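Asker: Okay, predicted coordinates and the sequence, questions at the end:
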Amino acid sequence: MPRKPKHDRNDLIERARNLFWQRGWAGTSLKDLEACLDMKPGSFYSAFGSKDALFELALDKYAADGADRLQALKQELGPIGALKRFPALAIASTEAPAKACMLSKTLLELHAHKHPLAAKANSHLLKMEQHFCELFREAQQAGEIAAHHDPEALARRYQSDLLGLRVSAEREGVDAEAIAQEIANSLTRL
């Protein structure tokens, strides 16, 4: 009779995501993961195969959580309301292991080494940009954004502002909440 797994897989991925998000790929050893997940090496390899495979699952979870949060905001506040509220939420969590975006941290850390996880992080960033673009397009169709604006260009700029905000939130002495408010206010003038 097969043994029942000792751990909940989703919980393990979330815990690994938080460790990777805080320390990065290179800063997280297999021993760190085994300790964080309370797993022995054999169980770890049986469950995930490798550090890279677990990191990819962690990136997928991070990206899916962000997209879900954005979708929930859209349902609650509409497209432009979601775009205005998202910057403050991106830096608000006191439980997040870092303020900076895990996807951008991964891209910056691994791109120079041509590591496949950098391409995965970039793919998720591009998908998130498309989510932003869809919201700008919907807001434009609702008459909340002038017709002469290009939703794709707005989405690229918005994502760039968010990534800068999240790096600024990591710095001491920077009023990231004020920057988040400036990003939201800039959407009123479109």
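Answerer: Received the coordinates, thanks. Numbers count the residues shown, from 1 in each chain.

Asker: Run through the helices of this protein in chain order.
Answerer: Remark: helices assigned in the chain by DSSP state H are 9-23, 30-37, 41-48, 51-92, 102-110, 116-141, 151-170, 176-186.

Asker: Alpha carbons of the second one, in PDB - could you do that?
Answerer: Output in PDB follows, covering the C-alpha atoms of helix 30-37 (Å, rounded to 0.1, in the frame of the first residue of the first chain):
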ATOM      1  CA  LEU A  30      19.500  22.400  -1.000                       C
ATOM      2  CA  LYS A  31      20.200  22.200   2.700                       C
ATOM      3  CA  ASP A  32      18.300  25.500   3.200                       C
ATOM      4  CA  LEU A  33      15.300  24.000   1.200                       C
ATOM      5  CA  GLU A  34      15.400  20.700   3.100                       C
ATOM      6  CA  ALA A  35      15.400  22.600   6.400                       C
ATOM      7  CA  CYS A  36      12.600  25.000   5.300                       C
ATOM      8  CA  LEU A  37      10.500  22.200   4.000                       C
END
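
Asker: residues of it that come out buried?
Answerer: Leu33, Leu37 (16 or more other Cβ atoms under 10 Å). Backbone N, C-alpha and C define where each C-beta goes, glycine included.

Asker: before we move on, what about stretch 109-116?
Answerer: Neighbour counts over stretch 109-116 (16+ other Cβ under 10 Å) mark Glu109, Leu110, His115 as buried.

Asker: mind putting those in CSV, distance to Ile91 included?
Answerer: CSV is the format used below for the buried residues of stretch 109-116 (distance: Cβ to Cβ, whole Å):
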residue, distance to Ile91
Glu109, 20
Leu110, 24
His115, 27
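
Asker: closest to Leu59 among those?
Answerer: Distance to Leu59, by Cβ to Cβ, is smallest for Leu110 among the buried residues of stretch 109-116, at 10.7 Å.

Asker: contacting residues for the closest one?
Answerer: Contact analysis of Leu110 by Cβ atoms under 8 Å, 6 or more residues apart in numbering lists Trp25, Leu117, Ala118, Ala121.

Asker: Mind doing that once more with 7 Å?
Answerer: Counting by Cβ atoms under 7 Å, 6 or more residues apart in numbering, Leu110 touches Trp25, Leu117, Ala118.

Asker: Kindly tell me how buried the nearest residue to Leu165 once chain neighbours are set aside is, as a neighbour count.
Answerer: Setting aside the residues directly before and after it, Leu165 is nearest to Ile179 in space (Cβ to Cβ, 6 or more residues apart in numbering), at 5.2 Å. Other residues near Ile179 come to 19 when the count uses other Cβ atoms under 10 Å.
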